[in-house]
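S.K.: kindly return the folded structure for what I paste below:
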Amino acid sequence: VAATTAFVVVAALSAVPLGIDGSVTGSLRGAGDTRWPFVASVVGLYVFALPAALFGLVSPLGVGGLYAALLLEKAVPAVLNGVRFRSNRWQEVSRQYRPSDDDGEAAAGR
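M.R.: Sure thing, here's the model as predicted:
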């Protein structure tokens, strides 16, 4: 019961950055900036979460390493994508995919 309680608490805590990351990632992807959210997910999983889980396996930290991995897997992409969104560099990517007014008129045959 104690282990289950701890897991539920950690899973509930990880839901907050998951929600933040989902909304920010959706905004970035909608603007056409798909590379950055992918890289942020890979960094969160393979650079932070996987080493934390492995550290938990080989150290006295034990299951705590798995809990840390669960939190890091969600928190790191949320922070990285949040920084990207706040930097407004995603708007430059969006402009590359959005035709200018002149292109739209030419395509419509005007």
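S.K.: which residues sit in contact with residue 10?
M.R.: For residue 10, the residues meeting the contact criterion (Cβ atoms under 8 Å, 6 or more residues apart in numbering) are 67, 70, 71. In short, each C-beta sits where N, CA and C put it, glycine included.
S.K.: quick one, longest helix in the chain?
M.R.: Scanning the chain for the longest helix, with DSSP state H as the assignment, gives helix 2-30.
S.K.: list the buried ones in that one?
M.R.: 10, 14, 17, 18, 20, 21, 24, 25, 28, 29 (16 or more other Cβ atoms under 10 Å).
S.K.: can I get those residues in TSV with distance to residue 90 and pLDDT?
M.R.: Shown next, in TSV, are the buried residues of helix 2-30 (distance: Cβ to Cβ, whole Å; pLDDT from 0 to 100):
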residue	distance to residue 90	pLDDT
10	31	91
14	25	93
17	19	95
18	20	94
20	16	94
21	15	94
24	10	94
25	11	94
28	5	91
29	10	91
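S.K.: mind putting those residues into TSV with distance to residue 57?
M.R.: As requested, the buried residues of helix 2-30 are arranged in TSV below (distance: Cβ to Cβ, whole Å):
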residue	distance to residue 57
10	17
14	19
17	23
18	24
20	29
21	26
24	31
25	29
28	34
29	34
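S.K.: brilliant, that's me finished.
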